[in-house]
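*Asks:* coordinates only, sequence not included:
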């Protein structure tokens, strides 16, 4: 936790300090003799004392006065303290000490754990809320609810970044053409594939075959097969990064199948042919033939994984709203 001299806390309470420095609010820059020689210690962090700060911000002789460009020292201090509190709570969430849905202690209890002023504590919670790690509920029954990061969060954030740059859905498809075959090969290389990979893929494949006459259901199951190839590859970085791309592609394709597709124009025979290749990929994975799994997956994606454009929509921009609906509400 945080370590701090009791005298500092008492001094802050006595003077009603608002800047987070536990010093004299009438002297926020630390120009008193006491402030010049005192370091505030906060966990494993330390601040410059005011003499170092004075040297660091001194203006060389003859240089233009940049005083107006220097942020207010008190503001910097409480912001840094807020970041330190946020760092500590974030670490507890990522480490698993705080689980999904846990409610952080009330403000008074948090201030006992992290002895900072109210302004710094609330800024720390705002930082975590902006990162999606907590959701602050207002009102008498409010509090900060923990949300552990998920691949869905990554996919949604990625969708906004890509949409901002004008990326279309075909660009996502081309990226998958490169990375998904690698995941198929990694599945085939897993020593535990017979128990951890093959049964999952086979169940999805067989269910897809049973729903081949239903365009929406078959499309959703086909996408789950591709997503599972990534999820089961065993490489955590690819699971998150390639999984985010899979989620974006799946959200747009399933949205098209349910809202705009004409089942009469897409005969079941086409879906049956695509699913037959899924069976070939599954067999290569089961046999441990990584090279063939990679080659067949690459050919399959090149041949069939293209976004079905409407005549009046030659390019379909990536839509974060579509991704959000499937990731969080689908």
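*Replies:* It's in. Just so it is clear, the structure is predicted and the values come from calculations on it, not from any experiment. Residues are numbered from 1 along each chain as shown.

*Asks:* which stretches of the stretch 1-150 of the chain aren't confidently modelled?
*Replies:* For the stretch 1-150 of the chain, residues meeting the criterion pLDDT under 70 lie at 1-79.

*Asks:* what about 90?
*Replies:* 1-81, 106-107, 115, 130-132, 135-143, 147-150 (pLDDT under 90).

*Asks:* Check whether residue 98 sits in a helix, strand or coil.
*Replies:* coil (DSSP: H, G, I helix; E, B strand; the rest coil).

*Asks:* Tally up the residues packed near residue 203, please.
*Replies:* Per other Cβ atoms under 10 Å, the neighbour tally for residue 203 reads 12. (Each C-beta comes from the backbone N, C-alpha and C, glycine too.)

*Asks:* and residue 258, what pLDDT?
*Replies:* Note on residue 258: pLDDT of 79.

*Asks:* Based on its surroundings, how many neighbours for it?
*Replies:* When neighbours are defined as other Cβ under 10 Å, residue 258 has 12 of them.

*Asks:* next one: the one 10 residues further on
*Replies:* Other residues within reach of residue 268 by the criterion other Cβ under 10 Å amount to 14.

*Asks:* Tell me who's in contact with it.
*Replies:* Residue 268 makes contact with 212-213 under the criterion Cβ atoms under 8 Å, 6 or more residues apart in numbering.

*Asks:* and it, how far is that from residue 205?
*Replies:* 16 Å (Cβ to Cβ, to the nearest Å).

*Asks:* How about the spatially most central residue of the chain: what's its closest non-neighbour residue?
*Replies:* With distances taken as Cα atoms, centre = their mean, residue 154 lies nearest the centre of the chain, 3.6 Å away. Nearest non-adjacent residue to residue 154, counting by Cβ to Cβ, 6 or more residues apart in numbering: residue 244, 4.7 Å away.

*Asks:* what's the neighbour count on the one you found?
*Replies:* Neighbour tally, residue 244, other Cβ under 10 Å: 23.

*Asks:* ok, then the element right after the helix or strand where it lies?
*Replies:* Using DSSP states H and E, residue 244 sits within helix 236-259. The helix or strand immediately downstream of helix 236-259 is helix 268-287, counting by DSSP H and E.

*Asks:* Give me the contact list for the very next helix or strand once past that following helix.
*Replies:* Using DSSP H and E, the helix or strand that follows helix 268-287 in sequence is helix 290-304. Contacts with helix 290-304, where a contact means Cβ under 8 Å, 6+ apart, come from 173, 176-177, 180-182, 184-189, 229, 274, 277-278, 280-281, 284-285.
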